[in-house]
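Colleague: with the input below, show me the fold.
(4 chains)
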Protein chains: 2
Amino acid sequence: MIRILVVDDEPYLADLVATALRYEGFETAIAGTGAAAVSLAETFGPDLIVLDVMLPDVLGTEVCHRIRATGSEVPVVFLTALDATEDKIGGLTVGGDDYVTKPFSLEELIARIRAVLRRTQRASTESGRVTFADLVIEEDAYEVWRGGRRVDLTPTEFKLLRFLAANAGKVVSKRQILDYVWEYDFGGNDGVVQTYISYLRRKVDAFPPPLIHTVPRVGYVLRLPRED
Amino acid sequence: MIRILVVDDEPYLADLVATALRYEGFETAIAGTGAAAVSLAETFGPDLIVLDVMLPDVLGTEVCHRIRATGSEVPVVFLTALDATEDKIGGLTVGGDDYVTKPFSLEELIARIRAVLRRTQRASTESGRVTFADLVIEEDAYEVWRGGRRVDLTPTEFKLLRFLAANAGKVVSKRQILDYVWEYDFGGNDGVVQTYISYLRRKVDAFPPPLIHTVPRVGYVLRLPRED
DNA sequence: TGGTCTTTTCAAGATCTTCTGAGCGAGACT
DNA sequence: AGTCTCGCTCAGAAGATCTTGAAAAGACCA
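Modeller: The predicted structure follows:
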């Protein structure tokens, strides 16, 4: 099982991320300080580290360097504040590493983690492509195809569809969608989910058969229509 | 797998370079001193060495001599400060060697490394040419052709286009571009990327079909226009 | 040193995305 | 039938981003 170490000094956030990752089938550990992170990197032996740049004791970049100094080549996904992108994280996206700015959506973070794992674990057969029926989602190219025809989506539409596709056949509630696809501190109501489902239907389900279905009072699901 | 030894006393920089090289598919080792470099050159058996000229214990040139004295003919790419004059490095680039001045961009360093490997490893099938649709990029000649017509590019424009071409079909973010194409200590914002994309479009996409596409809020991608 | 080419910043206007709120229709319940 | 709830869609405002031109700053070369 793939192991992921989550490093963040904000317990709520670390827990949120770790829980989501466990749900995705990863094994997780949590560190609240840079020192703990360096220690756990050795004892826990993670396949990937989610690392906050702003830690109480040491900078995340320094933590990364200390871990690398032990000979470890574990890839890192950094979490950074939006305003830190300017000067502090130069060169972070180099190599197998990546970064996500706070606040992020869990959907986005998990997609990035999978992308990094895909790149570093070459043996992994997973490509950057998700397919369902005649729907094709190309992660790297940010492109979606339906029945050989290209569908043009905005970033939020893309993330929503990717989430639905990842849970194809499973009904997901509006609350779940909001929690995963929107940023974790999003304050709005879930009317926006309806709106985006509507947008997706117009673009993705422009031609039959429809793939996006409503389950009243429960949520939405991506599946082939059942023949009643 | 091709092995590269990175020698630099600045841990951050050595790590940055090594990480980028690993991502490019090379196997890497790091040495922080000249003594360690000489030692690793024998035990690690690299196919190429990235060697800082200014080391705490010995000059890089001396390190090179000592390694060559063991009978090794491993090619070297030197890293030198910008103010190092021609006479200091003039004799360095004998044979298959090359040099890059600090601060460099990873894009440039990797391109030089590939060029040196191409020259020394005759078996390597990779040519110094990248093509995409009717776009041809001659790495060695620093020349670009679009539909048989020669396009005149400045160095930065060339590096940006080469990076886009290397990731053809994949969307790259402005930050990724900044990290790879600009020098590692570049402090500016990513507005400059927009400007250079604009320059490239004017020169490279002067005739249809356009190859450089914007994916709003995500990044840029080199690809053929979609057929609607 | 002066002239030329390159790089970078800045700003206006155009474009695209996101989110909210209201209107509408379907079905359930009284 | 009336009324209620729920879900779908649309229009538009607010906001973010992108493009391009112009000009300043810097590098390069004779």
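
Colleague: can you give me the buried ones in the host helix or strand of A:F158?
Modeller: Assigned by DSSP states H and E, A:F158 belongs to helix A:155-166. By 16 or more other C-beta atoms under 10 Å in any protein chain shown, the buried positions in helix A:155-166 come out as A:T156, A:E157, A:F158, A:K159, A:L160, A:L161, A:R162, A:F163, A:L164, A:A165, A:A166. Quick note: C-beta positions are derived from backbone N, CA and C, even for glycine.

Colleague: leaving out sequence neighbours, find the closest residue to the third one.
Modeller: What sits nearest to A:F158 in space, not counting adjacent residues and going by C-beta to C-beta, 6 or more residues apart in numbering or on different chains, is A:Y142, at 6.4 Å.

Colleague: how deep is the one you found tucked in, by neighbour count?
Modeller: Neighbour count of A:Y142, defined by other C-beta atoms under 10 Å in any protein chain shown: 16.

Colleague: so which bits of chain A are right by DNA strand C?
Modeller: A:T154, A:P155, A:T156, A:E157, A:W182, A:F186, A:G187, A:G188, A:N189, A:G191, A:V192, A:T195 (C-beta under 7 Å from any atom of the strand).

Colleague: now with 6 Å, please.
Modeller: Within chain A, the positions near DNA strand C by C-beta under 6 Å from any atom of the strand are A:T154, A:P155, A:T156, A:E157, A:G188, A:N189, A:G191, A:V192, A:T195.

Colleague: kindly identify which of those residues also come near DNA strand D.
Modeller: Applying C-beta under 6 Å from any atom of the strand to these, those adjacent to DNA strand D are A:T195.

Colleague: how about JSON lines for the residues of chain A next to DNA strand C, with distance to A:R223 and pLDDT added?
Modeller: Output for those, formatted as JSON lines (distance: C-beta to C-beta, whole Å; pLDDT from 0 to 100):
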{"residue": "A:T154", "distance to A:R223": "24", "pLDDT": "96"}
{"residue": "A:P155", "distance to A:R223": "24", "pLDDT": "96"}
{"residue": "A:T156", "distance to A:R223": "22", "pLDDT": "96"}
{"residue": "A:E157", "distance to A:R223": "19", "pLDDT": "96"}
{"residue": "A:G188", "distance to A:R223": "27", "pLDDT": "71"}
{"residue": "A:N189", "distance to A:R223": "26", "pLDDT": "81"}
{"residue": "A:G191", "distance to A:R223": "24", "pLDDT": "87"}
{"residue": "A:V192", "distance to A:R223": "23", "pLDDT": "93"}
{"residue": "A:T195", "distance to A:R223": "22", "pLDDT": "94"}
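
Colleague: quick revisit: report the contact partners of the residue nearest to A:F158.
Modeller: A:F158, B:V171, B:V215, B:V218, B:V221 (C-beta atoms under 8 Å, 6 or more residues apart in numbering or on different chains).

Colleague: can you flag the buried ones in these?
Modeller: Applying 16+ other C-beta under 10 Å to the contacts of A:Y142 flags A:F158, B:V171, B:V215, B:V221 as buried.

Colleague: ok, the last one touching A:E143?
Modeller: Okay, so that is B:V221. No. With contact defined as C-beta atoms under 8 Å, B:V221 does not count as touching A:E143 (9.0 Å).

Colleague: and of the residues of chain A next to DNA strand C, the nearest to chain B?
Modeller: Of all the residues of chain A next to DNA strand C, chain B sits closest to A:P155, with 5.1 Å by C-beta to the nearest C-beta.

Colleague: once you drop chain neighbours, what's closest to the closest one?
Modeller: If the residues on either side of it in the chain are set aside, A:P155 comes closest to B:R217, at 5.1 Å by C-beta to C-beta, 6+ apart.

Colleague: can you check A:A133 too?
Modeller: A:A133 sits nearest to A:L224 (C-beta to C-beta, 6+ apart), 5.7 Å away.
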